[in-house]
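In: curious how this folds, go ahead:
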Amino acid sequence: MEYIHQSTYGHAGGFHTLKPLFAKSGDHIYEMKGGRPDTKPIYAVTGGKVYATSFHPNGASQHASFEIRGNSMHTTSYHPGHSPVRSMSIR
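Out: As a prediction, the model looks like this:
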């Protein structure tokens, strides 16, 4: 299980003081609720791209919301709050 944090927070060396936003297990990403991953994946990972599933509040999407590059996720132009500098780190 890997945890996904906003990369604009935390300290040098990857230490984060904030709780993770999501948890990644295999090819699925779960929203954190009450300090634990939810039981239903809201995103699916395919070929380094992250797609919303039917469990996502806005429903499934055929367009990737995020792209995974190394140990970070970056929004794509299809993400509702897209910003080219917005990313999250995977630890």
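In: flag the shaky bits of the protein, pLDDT-wise.
Out: Where the chain drops to pLDDT under 70, the residues are 7-17, 80-87, 91.
In: ranges for the helices of it?
Out: When assigned using DSSP state H, the chain turns out to have no helices.
In: just confirm Tyr30 contacts Ala23, I think it does.
Out: Yes: at 4.9 Å, Tyr30 and Ala23 qualify as touching, with contact defined as Cβ atoms under 8 Å. (C-beta placed from N, C-alpha, C; glycine too.)
In: overlap in contacts, these two.
Out: Pro37 (Cβ atoms under 8 Å, 6 or more residues apart in numbering).
In: what's the nearest residue to Ala60 if we skip its chain neighbours?
Out: Closest residue in space to Ala60, ignoring its immediate chain neighbours: Ser54 at 4.6 Å, by Cβ to Cβ, 6 or more residues apart in numbering.
In: shouldn't that neighbour be in contact with Tyr43?
Out: No: look at Ser54 against Tyr43 with Cβ under 8 Å: they stay out of range, at 11.1 Å.
In: quick one: neighbours of the residue nearest to Arg69 when sequence neighbours are not counted, just the number.
Out: Once flanking residues are discounted, Arg69 sits nearest to Gly48: 7.5 Å by Cβ to Cβ, 6+ apart. Burial measure for Gly48: 11 neighbouring residues, criterion other Cβ atoms under 10 Å.
In: same deal with Leu21?
Out: So Leu21, with other Cβ under 10 Å, has 13 neighbours.
In: for Glu2, same thing?
Out: Around Glu2 there are 14 residues (other Cβ under 10 Å).
In: separation between the residue nearest to Gln6 when sequence neighbours are not counted and Ser25?
Out: Leaving aside its chain neighbours, Gln6 sits nearest to Met88 (5.5 Å; criterion: Cβ to Cβ, 6+ apart). Separation of Met88 from Ser25 (Cβ to Cβ, to the nearest Å) stands at 16 Å.
In: ditto for Glu2
Out: 8 Å.
In: many thanks, I have nothing further to ask.
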